[in-house]
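[1] Quick one: sequence and predicted model below, then my questions.
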Amino acid sequence: MLVKTYCSAVVGINATTVTVEVNVTTGLQYFMVGLPDNAVKESIQRIESAIFATGYNMPRQKIIINLAPADIRKEGTSFDLAIAIGILAGSHQIPTVTLNKYVILGELSLDGKIHSVKGVLPIALQAKKDGFEGIILPVKNAEEAAIVQGIEVYGISSLEETAKFIKGEISIQRTEVNISDKFEKFLNSYDLDFADVKGQENIKRALEIAAAGGHNLILIGPPGAGKTMLAKRLPTILPPLTIDESLETTKIHSVSGKLPSSTSLLTVRPFRSPHHTISDVALVGGGNNPQPGEISLAHNGVLFLDELPEFKRSVLEVMRQPLESRAITISRSRFTVDYPASFMLIAAMNPCPCGFHNHPTRNCICGPYTVQKYISKISGPLLDRIDIHIEVTPVEFNELTDTRKSEKSEVVRSRVINARKIQEQRFKRNPNIHANAHMRAKNIQEICIIDEGGKKLLKKAMERLNLSARAYDRILKVARTIADLEESVEIQNEHLAEAIQFRNLDRENWTG
């Protein structure tokens, strides 16, 4: 008897509905076709053991299992339950009447229990799009799937429970999530605050500008100056995630299997901080079984690279294209996968190997050539893609002991949100541009207009610092953001002057 059940395959961060065709006929042996990987091929042993443990019979007949469409590679263990239900239905042990209503997924253990799977959110979104009435999946994944409104979600814990539900012998309570309540509850759940930082007002100002315009930023300073501490507090002043951004970010973490077990929806912007020993594949994504890399896990959030010159040069160079396009395409001989990568890059580094170049009180033991060589580990094209370069100096003792409270993150965040609203209105006809940092050359010419005085100031800076055309664009973008923070319609000379100051690594004789 030929029976069809439905499951789903995840490619990139999107899902494709898979029809599991099971034909139980006369003969012997089991056959599985439709481009399954080893994990899917091995499922037949798990399924056989689970069926016996549940009290049903594994038919001793010829069983052909086809996973359609056959040209999409099927990976992972999420097909186990759909195949098992197909075999039971094909051997007349359970009815087939309701099978076309549900997408069924879950990994089977040998005793018939159901284990959780990855990529549930994009699967639920696709099931709703394809018109399925509901989705049957592991109880641990039910809350994640229930984020998708308009589809019935049933969390199950065993093959026996699934079979009884399909037979109508038991009813299972639908899993429901109030997405608005869940979103609001954890929207501002940060343990860090700008108020904890003593001094460093110029660095806070740079971070505020970066947050307001979505600009990339690099912090250069000696050990212990507070670079990492400041960077970790950046998410507390970024605008809250919208529900659409939250769903998109959750999809990426769900597919990669990195969604925290304590939550089904990411409501705060991600902050990723990979170690400098990371490989280029781990950073941008890919591999034999393609997975999102750190730049995609940081989508809609912050990617923090501490000790930037210690990263392998090849790792840093692969970021150049995603920083411009805000997406990464992984191309291999057998597949092409697209992952979003719209992140803010925040980098931190010492100015030299000993760490004390340009230090106000301590002597640097590195010669000019050594300092230049250390800085040169970061290529010019990559530095050009970082809008703001800011030098971090040690905090004075009187600032450390000052008992006055600094400005709280929520106060800074309100200004950032206001600036982003101005940009949202400005770019409402450009769906791919959400902040000043995303502007293209054409947008810069139309929006970042400066008067004659500003042109003279910028020309002098370009000649003195020997800036590239890309650096010129970066200065105009940052100046536009500074103007937005002050709610100024025009870019004033003081906005340009402040933006020029944020090109420290371009400064003449900076390396000695």
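    Okay, I see it.
[2] all helices of the stretch 201-350 of the chain, in order?
    201-213, 227-232, 243-256, 280-284, 294-297, 313-317, 320-325 (DSSP state H, counting those that start in this stretch).
[3] of these, which approaches residue 57 most closely?
    Residue 57 lies closest, by CB to CB, to one member of those: helix 243-256, at 35.6 Å. In this view, the C-beta of every residue, glycine as well, is placed from N, C-alpha and C.
[4] Tell me if I'm right that residue 273 and residue 306 touch.
    Yes. Judged on CB atoms under 8 Å, residue 273 makes contact with residue 306 at a distance of 6.5 Å.
[5] And the two? Which one has more around it.
    Each of residue 273 and residue 306 has its neighbours counted (other CB atoms under 10 Å); residue 306 has more, 19 against 15.
[6] I figured residue 224 hits residue 394, correct?
    Yes. Between residue 224 and residue 394 there is a contact under CB under 8 Å: 6.8 Å.
[7] Name the helix or strand for residue 491, please.
    Per DSSP states H and E: residue 491 is located in neither a helix nor a strand.
[8] let me fix that: residue 487
    Going by DSSP H and E, residue 487 is not in any helix or strand.
[9] List phi and psi for it.
    phi 60, psi 40 (degrees, to the nearest 10).
[10] So it sits against residue 421, correct?
    No. With contact taken as CB under 8 Å, residue 487 and residue 421 are classed as non-touching, separated by 10.4 Å.
[11] List the buried residues in stretch 34-48.
    By 16 or more other CB atoms under 10 Å, the buried positions in stretch 34-48 come out as 34, 36, 39, 40, 43, 44, 46, 47, 48.
[12] How many residues are close by the residue lying closest to the last one once chain neighbours are set aside?
    Put plainly, it is residue 48. In space, and not counting its chain neighbours, residue 48 is closest to residue 58: 4.8 Å by CB to CB, 6 or more residues apart in numbering. For residue 58, the count of nearby residues is 19 (other CB under 10 Å).
[13] Residue 107 versus residue 58, what's the distance?
    The gap separating residue 58 from residue 107 is 18 Å, by CB to CB, to the nearest Å.
[14] do residue 192 as well
    For residue 192 relative to residue 107 (CB to CB), the value is 37 Å.
[15] The two - which one has more neighbours?
    residue 107 (20 against 15).
[16] Quick check: the more buried one touching residue 114?
    Yes. With contacts counted by CB under 8 Å, residue 107 reaches residue 114, the gap being 6.9 Å.
[17] can you list residues touching both of the two?
    Shared contacts of residue 107 and residue 114, defined by CB atoms under 8 Å, 6 or more residues apart in numbering, are found at 81, 138.
[18] Where does pLDDT dip in the chain?
    182-189, 504, 506-512 (pLDDT under 70).
[19] Would you mind giving the domain segments of it?
    2-167, 194-506 (automatic domain parsing).
[20] Quick check: end-to-end length of the shortest one?
    So that's domain 2-167. The first residue of domain 2-167 is 18 Å away from its last residue (CA to CA, to the nearest Å).
[21] List the buried residues of stretch 366-383.
    Buried residues in stretch 366-383 (16+ other CB under 10 Å): 366, 370, 371, 374, 375, 378, 382, 383.
[22] Check stretch 93-101 too.
    Residues 93, 94, 96, 99 are the ones in stretch 93-101 that count as buried (16+ other CB under 10 Å).
[23] Closest one of those to residue 494?
    Of the buried residues of stretch 93-101, the one sitting nearest to residue 494 (CB to CB) turns out to be residue 99, at 68.5 Å.
[24] Hmm, the closest one is touching residue 3, no?
    Yes. Under the criterion of CB under 8 Å, residue 99 lies in contact with residue 3, with a separation of 7.0 Å.
[25] any common contacting residues for these two?
    residue 89.
[26] ok, back up a step: which ones among the buried residues of stretch 34-48 lie within helices?
    Cross-referencing the buried residues of stretch 34-48 against helices under DSSP state H gives 39, 40, 43, 44, 46, 47, 48.
[27] And the helices in the stretch 351-500 of the chain?
    Assigned helices in the stretch 351-500 of the chain, in chain order: 368-375, 380-384, 397-400, 409-426, 441-447, 452-465, 469-485, 493-501 (criterion: DSSP H, counting those that start in this stretch).
[28] on contacts alone, who are the packing partners of the longest one?
    Okay, so that is helix 409-426. Contacts defined by 3 or more CB pairs under 8 Å, 6 or more residues apart in numbering; DSSP states H and E place helix 409-426 against helix 201-213, helix 469-485.
[29] Next, the angle from the first one to helix 409-426.
    Comparing the axes of helix 201-213 and helix 409-426 via axes from the mean of the first three to the mean of the last three CA atoms, to 10 degrees yields an angle of 40 degrees.
[30] Which elements pack onto helix 201-213?
    Against helix 201-213 (3+ CB pairs under 8 Å, 6+ apart) you get strand 217-220, helix 227-232, strand 344-349, strand 388-391, helix 409-426, helix 469-485.
[31] Could you do the last one as well?
    Of the remaining helices and strands, those touching helix 469-485 by 3+ CB pairs under 8 Å, 6+ apart are helix 201-213, helix 380-384, helix 409-426, helix 441-447, helix 452-465, helix 493-501.
[32] Could you identify which of those is most buried?
    Most buried of those by mean neighbour count (mean count of other CB atoms under 10 Å) is helix 201-213; its value is a mean of 23.
[33] Give me the contacts around it.
    Here helix 201-213 has contacts from 194, 197, 215-217, 219, 226, 230, 233-234, 237-239, 344, 346, 387-388, 390, 392, 406-407, 412-413, 415-416, 419-420, 423, 435-437, 477-478, 480-482, 484-485, 502, using CB under 8 Å, 6+ apart.
[34] swap in stretch 406-414?
    Against stretch 406-414 from outside (CB under 8 Å, 6+ apart): 188, 190, 192-198, 204, 208, 211, 233, 236-239.
[35] What subset of those is buried?
    The neighbour-count test (16+ other CB under 10 Å) marks 190, 193-195, 197-198, 204, 208, 211, 233, 236-239 as buried among those.
[36] farthest-separated two in those?
    Most distant of those, by CB to CB, are 198 and 239, 25.9 Å apart.
[37] For the closest residue to residue 362 other than its chain neighbours, which residues are in contact?
    Nearest non-adjacent residue to residue 362, counting by CB to CB, 6+ apart: residue 356, 4.5 Å away. Contacts for residue 356 (CB under 8 Å, 6+ apart) come out as 222, 362, 363, 364, 365.
[38] gap between the last one and residue 351?
    Read it as residue 365. For residue 365, the distance to residue 351 - CB to CB - is 13 Å.
[39] So which of these two has more stuff around it?
    The residue with more neighbours, out of residue 365 and residue 351, is residue 351; 26 against 12, by other CB under 10 Å.
[40] how many other residues sit next to the residue nearest to residue 311 when sequence neighbours are not counted?
    Excluding the flanking residues, the one nearest residue 311 by CB to CB, 6+ apart is residue 276, at 4.8 Å. Around residue 276 there are 13 other residues, counting by other CB under 10 Å.
[41] isn't residue 276 right next to residue 304, touching?
    No. Checked against CB under 8 Å, the pair residue 276 and residue 304 is beyond contact range at 11.5 Å.
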